[in-house]
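Q: everything below, folded, please.
(one chain, ligands or ions: 1)
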Amino acid sequence: MTLHRFSLLVAMAKNRVIGINNRLPWHLPDDLKHFKSLTMGHAIVMGRKTYESIGRTLPGRMNVIVTRQLHYKIPGALVVNSIESALRICEEHDTTGSGESFIIGGEELYRQTLVFCQRIYVTEIQSVFEGDAFFPEIDQMEWIEIERQKRIGENAGDLEYHFVVLERQGTI
Ligand SMILES: NC(=O)c1ccc[n+]([C@@H]2O[C@H](COP(=O)([O-])OP(=O)(O)OC[C@H]3O[C@@H](n4cnc5c(N)ncnc54)[C@H](OP(=O)(O)O)[C@@H]3O)[C@@H](O)[C@H]2O)c1
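A: Numbers count the residues shown, from 1 in each chain. Model (predicted):
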């Protein structure tokens, strides 16, 4: 049996901003498409605040929401009270053998789950944004860049962003 892989999925600005006032600071439809194509058919794990920011469960994926609230219920989602339960549920429910689950934020979740992840899919937005949620610094020695696709919109002033894949050293 192959090991289940946990991957972290994030879009961040040059100054590591990922959010402001519990929403995304940018409008980047191409990144949302990228997010959808990566996660479709897989489990996605998110913090309660990120769930509330999205405002609905995402179809075609097992939505796992982490909260310390004992009676928090969301129709169509699995609600758990610890990171460990979230990870265990992803492994146990991998009946399709998809082999990979995604941690989709936000900052609190990233900080606590980075250690369990073998891969980071990061959209690096090549601009600085104001924000109040950040992606944690990672140890550059621990991660190898295995893919980078540069993208830029067609209109002047459009954001430039790169779809980057990082793999933890020793896993390739
Ligand atoms: N750019 C991106 O890719 C991206 C992706 C996702 C989110 N975001 C942004 O990130 C921001 C939200 O991040 P955030 O750090 O404020 O919130 P978050 O990580 O989404 O959620 C935090 C909540 O998760 C629950 N939680 C965290 N650790 C837990 C644990 N060990 N056990 C049980 N429950 C736990 C708690 O919920 P309770 O308070 O209910 O107990 C906590 O308040 C927003 O601005 C959002 O737009 C950006």
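Q: does Ile120 touch Ile138 like I think?
A: Yes - between Ile120 and Ile138 there is a contact under CB atoms under 8 Å: 7.3 Å. Using the backbone N, CA and C atoms, a C-beta is placed for each residue, glycine as well.
Q: who has more neighbours out of those two?
A: Neighbour comparison, Ile120 and Ile138: the larger count goes to Ile120, with 21 against 16 (by other CB atoms under 10 Å).
Q: still on that earlier bit, mutual contacts of Ile120 and Ile138, please.
A: Common contact partners of Ile120 and Ile138 (CB atoms under 8 Å, 6 or more residues apart in numbering): Leu166.
Q: run through this protein and note the low-pLDDT ranges.
A: Along the chain, segments meeting pLDDT under 70 span 1-2, 95-96, 98, 171-172.
Q: would you map the helices across it?
A: Taking DSSP state H, the helices of the chain run over residues 29-39, 48-54, 83-92, 107-113.
Q: how about those in CSV, adding distance to Asp132?
A: CSV is the format used below for the helices of the chain (distance: least, CB to CB, whole Å):
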stretch, distance to Asp132
helix 29-39, 20
helix 48-54, 11
helix 83-92, 22
helix 107-113, 9
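Q: mean neighbour count added to these, as CSV?
A: Putting these into CSV (neighbours: other CB atoms under 10 Å) gives the following:
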stretch, mean neighbour count
helix 29-39, 14
helix 48-54, 19
helix 83-92, 16
helix 107-113, 19
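Q: who in the protein is up against the ligand?
A: Within the chain, the positions adjacent to the ligand are 10-11, 18-19, 22-24, 46-50, 53, 66-69, 81-83, 104-109, 112, 133 by CB under 6 Å from any ligand atom.
Q: hmm, Ile82 is touching Thr67, no?
A: One correction, residue 82 is Ser, not Ile. No - with contact defined as CB under 8 Å, Ser82 does not reach Thr67; the gap is 9.8 Å.
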